[in-house]
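Peer 1: only geometry, no sequence info:
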């Protein structure tokens, strides 16, 4: 298999991120693209309900 180089001027800059960060961003985009989920988030935020740390809750649930 040969590698191909891209040459020429680029109009945008490049960054490198970890796969974990990329996947997290993809999941965020999926959630924010779902009108039902965004409505649920908006409603929950409007109730000013107390929040919990995910790691703490996951530990309590044993996951």
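Peer 2: Cool, got the structure. Note that the coordinates shown come from a computational prediction; the quantities given were computed from them, not determined experimentally.

Peer 1: where does the prediction get shaky in the chain?
Peer 2: Scanning the chain for pLDDT under 70 picks out 1-7, 10.

Peer 1: now do the helices in it.
Peer 2: 19-32, 35-46, 54-61 (DSSP state H).

Peer 1: of the ones you listed, which approaches residue 8 most closely?
Peer 2: helix 19-32 (25.3 Å; Cβ to Cβ). For every residue, glycine as well, the C-beta is placed using N, CA and C.

Peer 1: okay, the angle between that closest one and helix 35-46?
Peer 2: When axes from the mean of the first three to the mean of the last three Cα atoms, to 10 degrees is applied, the directions of helix 19-32 and helix 35-46 differ by 90 degrees.

Peer 1: okay, residue 11 and residue 42: tell me how far apart.
Peer 2: 36 Å (Cβ to Cβ, to the nearest Å).

Peer 1: same drill for these two, tell me which one is more crowded.
Peer 2: Between residue 11 and residue 42, counting by other Cβ atoms under 10 Å, residue 42 is the more crowded of the two (9 against 4).

Peer 1: how far away is the more buried one from residue 12?
Peer 2: From residue 42 to residue 12 the distance is 32 Å (Cβ to Cβ).

Peer 1: kindly report the same for residue 48.
Peer 2: Between residue 48 and residue 12 the computed distance is 40 Å (Cβ to Cβ).

Peer 1: what do you get for residue 54?
Peer 2: Remark: distance between residue 54 and residue 12 (Cβ to Cβ) = 34 Å.

Peer 1: give me the more crowded residue out of the two.
Peer 2: Neighbour comparison, residue 54 and residue 12: the larger count goes to residue 54, with 8 against 5 (by other Cβ under 10 Å).

Peer 1: contacts only, for residue 13.
Peer 2: By Cβ atoms under 8 Å, 6 or more residues apart in numbering, the contact list for residue 13 is empty.

Peer 1: burial of residue 41, as a residue count?
Peer 2: For residue 41, using other Cβ under 10 Å, the count is 13.
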